[in-house]
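Visitor: the sequence and its predicted three-dimensional model are supplied below.
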Amino acid sequence: MPQPFNNAVMTNGGARLLTRAQAGEIKIEFTRIATGSGIYTEAEKKLAALQARTELKEPKNSYTLSDIDVYSDHSVKVTALITNQDPITKETLVNQGYYINEMGLYAKPAGESDAAEVLYSVTVTAGENGDFMPPYNGYNPAQIIQDYFATVDNSLNVTINTAGAALLAKDAHIIRDDTTKLKYKLGIDNGKLYYEELSEEVEE
């Protein structure tokens, strides 16, 4: 059973990007979603502490974004495939299992090749440990379609970096319909991580 996450928090770095976007200086380019196994104390889970973060505490895997949808005038939904094996290169991404205790969305100014990306927002598990990402067993990769909802000033002024995406944008909706691949999927909606149980017909 997936463990609940606390509300996603926009970091100070993300807020600075958003301020520049609101002023018309830049467009925001979301670059990747990262997962980590960092364990946070209650003090580290507080709003100010999360806002001050510039990286995940114990980053494990990074996933290129595959799709973007306008969710509202001021928010977008970006998608990535969270998995322990790259479906294109067949590279093993997870050799040692870990608990997904933290997740971050990274971004940078669009079109500025020399600009450093920043941790735009971060969410951490509400409990002691989050969901377990198993090591790849050589046969059946673990896969989660990860939807991440992010606040922006104007959702038409946002781009994503899809270079090397494991889940191609044109395939995102196809895989959503293939219930043989997933037992549940995760997402962040209105700042809260949720999960959706899939059909009982899902294969192990």
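Guide: Good, I have the coordinates.

Visitor: quick check: next helix or strand after the top helix by length along the chain?
Guide: Counting residues, the longest helix found in the chain (DSSP state H) is helix 12-22. Next in sequence after helix 12-22, counting helices and strands by DSSP states H and E, comes strand 28-36.

Visitor: what angle separates the longest helix of the chain from strand 28-36?
Guide: 160 degrees (axes from the mean of the first three to the mean of the last three Cα atoms, to 10 degrees).

Visitor: what packs against the helix or strand hosting residue 121?
Guide: In this assignment (DSSP H and E), residue 121 forms part of strand 118-124. Identification of packing neighbours for strand 118-124 by 3 or more Cβ pairs under 8 Å, 6 or more residues apart in numbering; DSSP states H and E yields strand 9-10, helix 12-22, strand 102-109. Bear in mind the C-beta positions are built from the backbone N, C-alpha and C, glycine included.

Visitor: tell me which of those lies nearest to residue 55.
Guide: Counting by Cβ to Cβ, residue 55 lies closest to strand 102-109 out of the helices and strands packed on strand 118-124; the figure is 7.8 Å.

Visitor: what about the strands in this structure?
Guide: For the chain, applying DSSP state E gives strands covering 9-10, 28-36, 59-64, 67-72, 75-83, 98-100, 102-109, 118-124, 131-133, 143-151, 158-160, 184-189, 192-197.

Visitor: adding mean pLDDT and distance to residue 50, write these out as TSV.
Guide: Converted to TSV, those look like this (pLDDT from 0 to 100; distance: least, Cβ to Cβ, whole Å):
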stretch	mean pLDDT	distance to residue 50
strand 9-10	86	4
strand 28-36	92	13
strand 59-64	94	15
strand 67-72	78	22
strand 75-83	84	19
strand 98-100	92	16
strand 102-109	92	10
strand 118-124	92	6
strand 131-133	86	19
strand 143-151	79	15
strand 158-160	71	22
strand 184-189	39	14
strand 192-197	41	14
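
Visitor: quick one: pLDDT of the closest residue to residue 6 other than its chain neighbours?
Guide: Setting aside the residues directly before and after it, residue 6 is nearest to residue 126 in space (Cβ to Cβ, 6 or more residues apart in numbering), at 4.9 Å. Residue 126 is assigned 84 on the pLDDT scale.

Visitor: okay, now residue 126: neighbour count?
Guide: 14 (other Cβ atoms under 10 Å).

Visitor: so it sits against residue 4, correct?
Guide: Yes: if you go by Cβ atoms under 8 Å, residue 126 and residue 4 touch, sitting 4.7 Å apart.

Visitor: need the pLDDT of residue 27.
Guide: pLDDT at residue 27 comes out at 87.

Visitor: could we number from 562 for the rest of this?
Guide: Noted, 562 is the first residue going forward, which turns the last one into residue 588.

Visitor: ok, now which ones touch it?
Guide: By Cβ atoms under 8 Å, 6 or more residues apart in numbering, the contact set of residue 588 is 582, 670, 671, 672, 718, 719, 720.
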